[in-house]
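In: Requesting a structural model of the entry that follows:
(one chain, ligands or ions: 1)
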Amino acid sequence: MRTIDWNDESNSIVMIDQTLLPVEYRVIECKTLASLCEAIRSLRVRGAPALGAAGAFGIALAAELSSADDMDGLTRDLKVAAKTIKATRPTAVNLAWGVDRTINAISDAYDVDGIKDIVLAEAKNIADEDVETNKKLGKHGAKLLEDGDTVMTHCNAGRLACVDWGTALGVIRSAVEAGKDINVIACETRPLNQGGRITTWELMQDNIDVRLISDSMSGHVMSKGMVDKVIVGADRITGDAVFNKIGTYTHSVLAKEHEIPFYVAAPISTFDPDNWEDTVTIEQRDADELRFFKDVQIAPADVKVYNPAFDATPMENVTAVITEKGVFHPPFLLDEVIV
Ligand code: MRU
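Out: Residues are numbered from 1 along each chain as shown. Next comes the predicted model:
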């Protein structure tokens, strides 16, 4: 199934619970806004494009659950829901984008049922478009990969970070589909191990060759000539920087040092022309993510912790940004790409 979807029978959101992978594959249902927000905060659903769909389906769910019997009341309920959903995770711009696009669609509605139909249809469109966008992006990016390439990636920018196919891993999937032999090096991605748990799992499901390394090995493998290209996803792209999972910046510096192309694969919906590196809020995660590994204590229980979820890679370190509209080499103006 897709990473996240709408169940027409139960009028609820269904998703693969990514916190359980790779040990258990379980599909969960969110029937309330509170359960959706918990799922987003605890990373049961995660990855920028998947969060875009989660935000959109969240508005559809809020409409379904609202008891308002006039358009003003329902619109008010949806605006409150929008604020609640957006507050769950601040950095991935797609979450707010999915919420806003769905809310904006209600301007075409004439009555309460019309609003409910429109927001659900828009959320489903966002989910469908995500898959098409990633396939297009994948085809553009696949041209940058050569037969036999070893590609290093960080975190999970695969089908599980999207509705389907993936961005960084979508490029790899498209290259493999085009008949190229591609080997992947997946960085573990501490502290929540999206690379070790999810990227490896989903590539192995597709029989794509993958080797797991710890994050601290990236300089070593690059210096030994084991990496031909790096491809990562993005949570937000401003004019001057790419925000992605913590550790991405380090890989970009190392790639520059070793003259290895460093690509970012992301849909245009991840572009944020209204902000710059300095004005973006980086999500700070719970200290226990570093003090414990699941239930096992791995640091003093009261040690002070700094745990940002994302970092910013300056555009100078990026060889190209791969989008559904093509491949863009910095420096470029975001507005020119968005139009
Ligand atoms: O905290 P996460 O797991 O949501 O972080 C995800 C990432 O950083 C991904 O690389 C990014 O969202 C791109 S997903 C196509």
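In: What segments of the stretch 51-200 of the chain are helices?
Out: Here the stretch 51-200 of the chain has its helices, by DSSP state H, counting those that start in this stretch, at 71-86, 93-104, 112-142, 168-177, 194, 200-205.
In: okay if I get those as CSV plus mean pLDDT, mean neighbour count and distance to the ligand?
Out: Glycine gets a C-beta too; all of them are placed from N, C-alpha and C. Output for these, formatted as CSV (pLDDT from 0 to 100; neighbours: other Cβ atoms under 10 Å; distance: least, Cβ to the nearest ligand atom, whole Å):
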stretch, mean pLDDT, mean neighbour count, distance to the ligand
helix 71-86, 98, 17, 15
helix 93-104, 98, 23, 8
helix 112-142, 98, 20, 8
helix 168-177, 98, 26, 7
helix 194, 98, 27, 5
helix 200-205, 98, 18, 12
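In: could you dump the ones you listed to TSV with distance to I28?
Out: Listed next are those as TSV, based on distance: least, Cβ to Cβ, whole Å:
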stretch	distance to I28
helix 71-86	17
helix 93-104	19
helix 112-142	17
helix 168-177	23
helix 194	18
helix 200-205	17
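In: nearest to F292, of these?
Out: Set against F292 and scored by Cβ to Cβ, these come closest in helix 194, at 17.1 Å.
In: Can you report how many residues neighbour D181?
Out: Using other Cβ atoms under 10 Å, D181 is surrounded by 13 other residues.
In: Quick check: chain neighbours aside, which residue is closest to the closest residue to the ligand within the stretch 101-250 of the chain?
Out: The stretch 101-250 of the chain approaches the ligand most closely through G233 (2.7 Å), counting by Cβ to the nearest ligand atom. Of all residues not flanking G233 in the chain, A157 sits nearest, at 2.7 Å (Cβ to Cβ, 6 or more residues apart in numbering).
In: Does the one you found touch A168 like I think?
Out: Yes. Checked against Cβ atoms under 8 Å, the pair A157 and A168 is within contact range at 3.7 Å.
In: quick one on the thing from earlier: quick one: contacts for the residue of the stretch 101-250 of the chain closest to the ligand?
Out: Under the criterion of Cβ atoms under 8 Å, 6 or more residues apart in numbering, the neighbours of G233 are G47, A48, C155, A157, A161, G166, T167, A168, N244, V264, A265, A266.
In: Ignoring the adjacent residues along the chain, who's closest to the fifth one?
Out: With Cβ to Cβ, 6+ apart as the measure, G47 is the residue that lies nearest to A161, at 2.3 Å, once sequence neighbours are left out.
In: Tell me how many other residues surround that neighbour.
Out: For G47, using other Cβ under 10 Å, the count is 31.
In: ok, it touching L160?
Out: Yes. Between G47 and L160 a contact is recorded at 6.5 Å, counting by Cβ under 8 Å.
In: and I40, how many residues sit next to it?
Out: 24.
In: so for stretch 261-276, what's the average pLDDT?
Out: Taken as a whole, stretch 261-276 carries a mean pLDDT of 98.
In: next one: stretch 309-325
Out: 98.
In: Look up which residues are beta-bridged to M15.
Out: I4, I28 (DSSP bridges).
In: for it, what are its contacts?
Out: Contacts of M15 by Cβ under 8 Å, 6+ apart are T3, I4, D5, V27, I28, C30, A39, R44, V45, A54.
In: Which one of those sits in the busiest neighbourhood?
Out: The residue in the contacts of M15 with the most neighbours, by other Cβ under 10 Å, is A54 (35 neighbours).
In: Isn't that residue up against V45?
Out: Yes. Under the criterion of Cβ under 8 Å, A54 makes contact with V45 at 5.0 Å.
In: which neighbours do these two share?
Out: I4, M15, A39.
In: for those residues, which one is nearest the ligand?
Out: Distances from the ligand to those, taken by Cβ to the nearest ligand atom, are shortest for A39, at 11.9 Å.
In: residue contacts, that closest one?
Out: M15, D17, I28, C30, V45, A54.
In: again, 7 Å this time
Out: Residues near A39 by Cβ atoms under 7 Å, 6 or more residues apart in numbering: M15, C30, V45.
In: Go ahead and list the helix or strand containing it.
Out: helix 33-41 (DSSP states H and E).
In: That helix near the ligand at all?
Out: No. Counting by Cβ under 6 Å from any ligand atom, no contacts exist between helix 33-41 and the ligand, the nearest distance being 9.0 Å.
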